[in-house]
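Asks: give me coordinates for this.
(chains A and B)
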Amino acid sequence: MLLRIARKEFCDISRDGRFRGSAAIVALLLVTATALGWQSWQEIRREHDRAQAEAREHFDDQGEKNPHAAAHYGLYLFKPKPPLSFVDPGVDPYTGVSVYLEAHRRNEVGNRPARDATALQRFGELTAAAVLQVLMPLLIVFLAFPAVAGEREQGTLRQVMSLGVRPSALVAGKALGLTLALALIAVPALAMGVGVLIMAGPESARTWPHALALGTGYAVYLGIFLAASLAVSALARSSRVALIVLLGFWIVNAMVAPRLATDLARRAVPTPSAFQFAEAIRSDIKAGIDGHDPEDARLERLKRETLAKHNVETVEELPINFQGVALQAGEEYGNAVFDRHYGALWKAFSGQDSLRQWLGFAFPTLAIRDLSMALAGTDNARAHDFAESAEAYRRDLVKALNRDLEVNGADLGFMYQAGPELWKSMPVFRYRPPSLGATLESLRLAWWSLLLWLIATTGLVRLSTRALRVD
Amino acid sequence: MLLRRIMRHEARLLAADRTLLVVALILAAVVGYGVYNGASWAAFQRATLHAAQAEEAARYQELRTRLGSPGDNRPLPPDQVGLSLAARYAAMPPGPLASLVIGQSDLYPYYTLVTTANRQSLLANDELENPTHLLSGRFDLGFVVVALYPLVILALSYNLLSGEREQGTLVLVLSQPVGRRTLVLGKVLTRGLAVIGLAVAISVGGFLLAGGPTSSEGLARLGLWLAVVSAYGAFWFALAVAINALGRGSATNALALAGVWFLLVAIVPAAAALLVRVAYPVPSRVELIQAVREASDQAKADGPKLSARFLEAHPELARGQAEAKEFAVQSLAVQDAAEAGVADVLRRFETQLNHQQAVVDQLRFVSPAIATLETLQDVAGTGSARYTHFATQVDDFQERWRAEFRPRILRGEPIRSGDLERLPAFSFREEPFQAVASRALTGLTGLVLPALVVGTFGLAALRRYPVVGV
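Replies: All right, here's what the predicted structure looks like:
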């Protein structure tokens, strides 16, 4: 019985010219978005790989100079583009693509690609994720709002009921038929996505589990909209009312909630201006954290301690290069200051992010947005993780260079020079993205909110079929 | 006369039906919230600029004391003064109507520290912001006008005629001596006056709350803003009439209007953005970084050669050469060479971005939503035009700043206490109102034309409107 209803529903929909038209548009958009996303991923990845290699060559080819001068010359790192970003580029256009590593300073990951685009992109970009998060739910609403209400208005519901069809079987059959029709739309893009992941090499092969989790997330999300549409269609006074309620639900979720969340989060957890932030770091380094320990006093103390440690009277008698020691001590003090301020900043950002995740319980679109970006590796957390590993690498690099100055430059002071062997012996930066387990763990709230929504909406469907009105 | 009677009657009907009240309350709430968000963003920017100004003033005060103290008034080396000690901020205050739309102002820098070294300093001057917020955009009045306000209009007018027909009241009304077009016109005008009037009133209210007009130009800009809001509203009313005139049921009308709304507000702009990007791809910043690096490495390697050539090119400076520190000459020469090395790449960025903007200017005729957003941002002074205007002024100021210090550096002429007050200072010049107005008028044409076309079509189609039947 169920299958027969599903078949009838499927035939009904697929013969509808409006469905064919809109399905063709959505399928085309989905395929286009996937193809373009993949192409731009490939381009960016190639470019970043090449730039990374070149940047390292620049560093290695510096010639003879003081190791600290080499630390000032520094090194550029480029943020790797994760494979699944072809599905969801996430915040990538709004985070920087590169970071300049140098002595004494922690630089922001800079050069936001969004700055090189027109105001049009603020309407939202055409990506596979946007089609799945916004357009597909709209299509579901359009297809499913008359499912029960329409039959009731036509009078066919009475006939079907008179045949002894159970209301729950009717609605389940309709859900199945609709799901089949919707699946047809997604098939071309899905096939393409799978093909891309298979062909794109070992890096993308590692993201299979992420892709599966992503697929599951979207299935749950679209299931929520389908269940909600059927429930509203069964409960509403007329198909007109059903449509308006569902459109309202969709508009609030897809169009209003993301912006609402932005301003709520900004108010709940304010962040400093870039100016305040930089001033605070500068004054903490100069006058000491909380203004208690100025730079000169710190240097004087370090000198006394180093002399005492080596049991000598003057800096010249030291068996090591004091400049190296002083530079590294300054570096470490700076690092403590950076940790303090960047720690606070990122804590504020993640507070804002978790507020948005909590809002996912009210608006499922917020939950799927977070889930999708995180699994694609294009969310805030990933940007933070990259910035932190780049900073850790900067500290290692500068420390190693200072260490060389300290140990090998003993009697030469700032005249000491090292050569390419030293530059080449410096570690190579390799970014290791967080594991799937850690990513899923951070998405607990998003999963829970999607699951709760699915349970609630399917529960509503059951409830509505229990006392289905025929007219 | 008849029209007025219809309108009075419609107003009574609308008042009896609580939809208008609910819709008006929602609109008022979202508009108020939008203006509130815009105003606090403008206040945040103003506070930041104020802090920067205070920092500069404190630095200058310290310099004055250093140079002026009687015992120890050693003059300062000009390269240090130009590079950091006396560096000045170039700031662009929030636009004249900044609290009404945040626009691109959360993405573009609004101040920078200008020194003798840093050209393109705006590039590296991003405000701290959670990237997800930039991605999602802000809940400002611009968003309310472009996306939500059409929905309010459509909610009130999707069943303009179909509703009455389904109730059976349309036959009754039309049995009176009244034409269909007059009836529709009366209905639309009543709703239009209510919604557009409300939007205008709340915009003005928000504007006053956010500080009100600071100049007559601010008022003129507000006038343009209100014209855009009214024209955009008129377009959506015209669309609702046209869809109603096709004679379908209320549910079909709602479906069609929601579809068109989503198409114009989301899909067409996204497709247009894609088109622009594919047609005029901007070279990647990654490439620029590499180019800058290579050019400056090359220039440093060529250093000694360059300083000889530099002095050849600037014979007027060669006189002071004896006093000039060799190092200073060389570093200026290196700077010039490094900048010349990346000029080509930078020019490519500029031309591609200009091309993109030119295409966007044409594409706004494709969707009234694009035309509205672009024009609102432009009028408010939070769009890309005002930013470009600012960037040009920063470049000019940087040139002036350099021109002040370079000869002194080469002549080895130190900065004394009296020189401090003569250093150039940046002051932002607003774009001439005529330029803004002429762009806004083009944008308005892009709204009025489609409204007229769609409206004419709707009124023509009304002639064949089926009065009975569902």
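Asks: all strands of chain A, in order?
Replies: For chain A, the strands defined by DSSP state E occupy A:75-78, A:98-101.
Asks: who are the packing partners of the first one?
Replies: Other helices and strands packing on strand A:75-78, by 3 or more Cβ pairs under 8 Å, 6 or more residues apart in numbering or on different chains; DSSP states H and E, are helix A:17-60, strand A:98-101, helix A:380-408, helix B:285-301. From N, CA and C alone the C-beta is placed, and that goes for glycine too.
Asks: count the residues that sit near the nearest residue to B:R285 once chain neighbours are set aside.
Replies: Leaving aside its chain neighbours, B:R285 sits nearest to A:N111 (4.0 Å; criterion: Cβ to Cβ, 6 or more residues apart in numbering or on different chains). A:N111 has 23 neighbouring residues, counting by other Cβ atoms under 10 Å in any protein chain shown.
Asks: flag every residue of the stretch 201-350 of chain A that's near chain B.
Replies: Residues of the stretch 201-350 of chain A lying close to chain B by Cβ under 8 Å from any Cβ of the partner chain are A:238-240, A:243-244, A:247, A:251, A:255-256, A:258-263, A:265-266, A:271-277, A:279, A:345, A:349.
Asks: what's the separation between the closest residue to A:A242 other than its chain neighbours and chain B?
Replies: Among residues not flanking A:A242 along the chain, A:A236 sits closest, at 3.7 Å (Cβ to Cβ, 6+ apart). Using Cβ to the nearest Cβ, to the nearest Å, we find A:A236 at a distance of 11 Å from chain B.
Asks: list the contacts of A:A236.
Replies: Each residue near A:A236 by Cβ atoms under 8 Å, 6 or more residues apart in numbering or on different chains is listed here: A:149, A:242, A:245.
Asks: which one (most neighbours) among those residues?
Replies: Going by other Cβ under 10 Å, A:A242 tops the contacts of A:A236 with 27 neighbours.
Asks: need the contact list for that residue.
Replies: A:145-146, A:149, A:229, A:232-233, A:235-236.
Asks: who wins for neighbours among those residues?
Replies: Counting by other Cβ under 10 Å, top hit in those: A:S229 with 30 neighbours.
Asks: report the central residue of chain B.
Replies: Closest to where the C-alpha atoms of chain B average out (Cα atoms, centre = their mean) is B:G383, at 1.4 Å.
Asks: skipping adjacent residues, who's closest to that residue in space?
Replies: B:Q377 (3.2 Å).
Asks: that neighbour and B:D140 touch, don't they?
Replies: No - applying Cβ atoms under 8 Å, one finds B:Q377 not in contact with B:D140, separated by 10.3 Å.
Asks: so what's in contact with the two at the same time?
Replies: B:101, B:103.
Asks: looking at these two, which is more packed in?
Replies: A count of neighbours by other Cβ under 10 Å puts B:D140 above the other of B:Q377 and B:D140, at 29 against 25.
Asks: any idea how far that one is from A:F123?
Replies: Here the criterion is Cβ to Cβ, to the nearest Å. By it, B:D140 lies 14 Å from A:F123.
Asks: residue contacts, the nearest residue to A:V134 once chain neighbours are set aside?
Replies: Excluding the flanking residues, the one nearest A:V134 by Cβ to Cβ, 6+ apart is A:A254, at 4.5 Å. By Cβ under 8 Å, 6+ apart, A:A254 lies in contact with A:133-134, A:137-138, A:365.
Asks: CA-only coordinates of stretch A:212-223 in PDB, if you can.
Replies: Only the C-alpha atoms of stretch A:212-223 are listed here, as PDB (Å, rounded to 0.1, in the frame of the first residue of the first chain):
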ATOM      1  CA  LEU A 212      29.800  10.700   4.500                       C
ATOM      2  CA  ALA A 213      29.100  12.700   7.700                       C
ATOM      3  CA  LEU A 214      28.300  15.800   5.600                       C
ATOM      4  CA  GLY A 215      25.900  13.800   3.400                       C
ATOM      5  CA  THR A 216      24.200  12.400   6.600                       C
ATOM      6  CA  GLY A 217      23.900  16.000   8.000                       C
ATOM      7  CA  TYR A 218      22.200  17.300   4.800                       C
ATOM      8  CA  ALA A 219      19.900  14.300   4.600                       C
ATOM      9  CA  VAL A 220      18.700  14.900   8.200                       C
ATOM     10  CA  TYR A 221      18.400  18.700   7.400                       C
ATOM     11  CA  LEU A 222      16.300  18.100   4.300                       C
ATOM     12  CA  GLY A 223      14.300  15.400   6.200                       C
END
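Asks: buried residues in it?
Replies: Across stretch A:212-223, burial judged by 16 or more other Cβ atoms under 10 Å in any protein chain shown covers A:213-215, A:217-218, A:220-223.
Asks: run through who's touching it.
Replies: Identification of contacts with stretch A:212-223 by Cβ under 8 Å, 6+ apart yields A:84, A:87, A:132-133, A:136-137, A:140, A:182, A:364-365, A:367-368, A:371-372, A:375-376, A:436, A:440, A:446-447, A:450-451, A:454, A:457-458.
Asks: right, and the helix or strand after the helix or strand containing B:A403?
Replies: In this structure, B:A403 sits in helix B:384-411 according to DSSP states H and E. For helix B:384-411, the following helix or strand on the C-terminal side (DSSP H and E) is helix B:433-462.
Asks: about what we covered before: which helices and strands sit right next to the helix holding B:A403?
Replies: For helix B:384-411, the packing partners by 3+ Cβ pairs under 8 Å, 6+ apart come out as helix B:78-80, strand B:88-91, strand B:111-114, helix B:315-318, helix B:326-363, helix B:368-380.
Asks: please redo it, this time with the cut-off set to 7 Å
Replies: When contacts are defined as 3 or more Cβ pairs under 7 Å, 6 or more residues apart in numbering or on different chains; DSSP states H and E, helix B:384-411 packs onto helix B:78-80, strand B:111-114, helix B:326-363.
Asks: which residues touch the second one?
Replies: Judged by Cβ atoms under 7 Å, 6 or more residues apart in numbering or on different chains, the contacts made with strand B:111-114 from elsewhere in the structure are B:49, B:52, B:87-92, B:121-122, B:125, B:394, B:397-398, B:401, B:426.
Asks: quick one: which of those is nearest to B:S203?
Replies: Checking those against B:S203 by Cβ to Cβ gives B:M92 as the nearest, at 23.5 Å.
Asks: please report the distance of the residue nearest to that closest one when sequence neighbours are not counted from chain A.
Replies: Distances taken as Cβ to Cβ, 6+ apart place B:F390 nearest to B:M92, at 4.2 Å, with adjacent residues excluded. Computed as Cβ to the nearest Cβ, the B:F390 to chain A distance reads 14 Å.
Asks: returning to that earlier point: now do the helix holding B:A403, average pLDDT.
Replies: The predicted model gives helix B:384-411 an average pLDDT of 89.
Asks: helices and strands of chain A: which one bottoms out on pLDDT?
Replies: helix A:202-205 (a mean of 75; mean pLDDT, DSSP states H and E).
Asks: what about chain B, any weak spots by pLDDT?
Replies: Along chain B, the parts satisfying pLDDT under 70 run over B:70-73, B:210, B:212-214, B:310-325, B:468-470.
Asks: so, in contact with chain A or not, the longest helix anywhere in it?
Replies: Longest helix in chain B, counting residues (DSSP state H): helix B:19-68. Yes - Helix B:19-68 is in contact with chain A by Cβ under 7 Å from any Cβ of the partner chain, via B:37, B:44, B:48, B:51-52, B:55.
Asks: tell me the angle that helix makes with helix B:368-380.
Replies: Counting by axes from the mean of the first three to the mean of the last three Cα atoms, to 10 degrees, helix B:19-68 lies at 40 degrees to helix B:368-380.
Asks: name the helices or strands packed onto helix B:19-68?
Replies: If you count contacts as 3+ Cβ pairs under 7 Å, 6+ apart, helix B:19-68 packs onto helix A:274-287, strand B:88-91, helix B:141-143, helix B:149-157, helix B:180-209.
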